[in-house]
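Novice: can you look at this prediction? I've put the sequence above it.
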Amino acid sequence: MLAELHYVSPLDVLLGLGWLAPTHVDRWRQGRAPNLEQVVQANLSKISAATAELRRWARERGLVASEPSYLARTRDRHPLRFSASNAPRIERAYRTHWVSPALSERRRAPLDERLSRPPDLLVIADSRPWNCDRCHAPYGAGELLLMVDDGPICMDCADLSHLEFLPSGDATLTRRAKQTSALTAVVVRLSRARKRYERQGILADRRAIEQARAALGS
């Protein structure tokens, strides 16, 4: 991880150990789990031992501690909780990233900024029919939903119906549209074979997408 990313985080270590499933991390990031410990498939003593070993290993190698923010993929972007106790010392231990000392101050600044950047809203193209938890309208398979408080809501109730879908495939177009859109969301679909959400495209302001296409001549 250190060689590839230039930093190591407790979250990535728990994923690498197989104690966390990517789908459970997605659920936590969407604000649908009260804390990360609830979805880790290991007891607290194992988690504590692993994070303590990570800290020891990082300090022995002179890695630099960084504390990025972890915000939920919700409209309010509330801070995510890691522990059931919510003790500041434990929250800090989970949140701390250990950064390679080989990175210069100039290269470390954009890394810190990227790690603390609010995450994109996550919209799901569900593979099954569902009902909106707020307006109770029925929707068919493939319709877009936003998970809120462990229940699905439709794009109208989420105030996202004005956004237009831009499918994946053109990274430059997607990047330009995101830069000028006031609000964006990533659209994913659950792959049952791979047991993870896979990106389908984004939702963005129609005008931002049109401007991006015009700039690229597409």
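Specialist: Nice, I can see it. Numbers count the residues shown, from 1 in each chain.

Novice: pull the number of nearby residues for T96.
Specialist: T96 has 20 neighbours, counted by other Cβ atoms under 10 Å. Where C-beta positions appear, they are placed from N, C-alpha and C, glycine not excepted.

Novice: list the contacts of it.
Specialist: 9-10, 55, 65-67 (Cβ atoms under 8 Å, 6 or more residues apart in numbering).

Novice: what's the distance between L160 and R176?
Specialist: 20 Å (Cβ to Cβ, to the nearest Å).

Novice: for R73, same thing?
Specialist: Distance from R73 to R176, by Cβ to Cβ: 22 Å.

Novice: show me the helices in this protein, by range?
Specialist: 2-5, 10-16, 22-29, 44-60, 88-95, 105-116, 171-180, 206-216 (DSSP state H).

Novice: W28 against V40, yeah?
Specialist: No: contact criterion Cβ atoms under 8 Å: W28 and V40 do not qualify, at 9.6 Å.

Novice: what count of nearby residues applies to Y7?
Specialist: Under the neighbour criterion other Cβ under 10 Å, Y7 is assigned a count of 22.

Novice: check contacts around it.
Specialist: 1, 63, 66, 97-100, 111, 115.

Novice: one more: M1?
Specialist: Per Cβ under 8 Å, 6+ apart, neighbours of M1: 7-8, 12-13, 16.

Novice: need the helix or strand of this protein with the lowest average pLDDT.
Specialist: None of the helices or strands of the chain scores lower by mean pLDDT, DSSP states H and E than helix 105-116, at a mean of 79.

Novice: check which residues of that one are buried.
Specialist: Under the neighbour-count criterion of 16 or more other Cβ atoms under 10 Å, helix 105-116 has 108, 111, 115 buried.

Novice: of all those residues, which comes closest to A125?
Specialist: Closest to A125 out of these is L115 (27.8 Å), distances taken as Cβ to Cβ.

Novice: how about the nearest residue to that closest one, chain neighbours excluded?
Specialist: P68 (3.6 Å; Cβ to Cβ, 6 or more residues apart in numbering).

Novice: the one you found against P118, yeah?
Specialist: No: the criterion here is Cβ under 8 Å, and P68 misses it with P118 at 11.0 Å.

Novice: so which of those two has more stuff around it?
Specialist: Neighbour count, other Cβ under 10 Å: between P68 and P118, P68 has more, with 17 against 10.

Novice: list the contacts of the more buried one.
Specialist: 95, 97, 112, 115-116.

Novice: so how many other residues sit close to the closest residue to S83 other than its chain neighbours?
Specialist: Closest residue in space to S83, ignoring its immediate chain neighbours: I90 at 4.5 Å, by Cβ to Cβ, 6+ apart. Number of residues near I90 (other Cβ under 10 Å) recorded here: 19.

Novice: compute the inter-axis angle for the strand ranked longest in the chain and helix 22-29.
Specialist: Using DSSP state E to define each element, the chain has its longest strand at strand 196-205. Counting by axes from the mean of the first three to the mean of the last three Cα atoms, to 10 degrees, strand 196-205 lies at 40 degrees to helix 22-29.

Novice: how far off centre is strand 196-205?
Specialist: Distance of strand 196-205 from its chain centroid, counting by Cα atoms, centre = their mean, to the nearest Å, is 12 Å.

Novice: in it, which residues are buried?
Specialist: For strand 196-205, by 16+ other Cβ under 10 Å, it's 197, 200-205.
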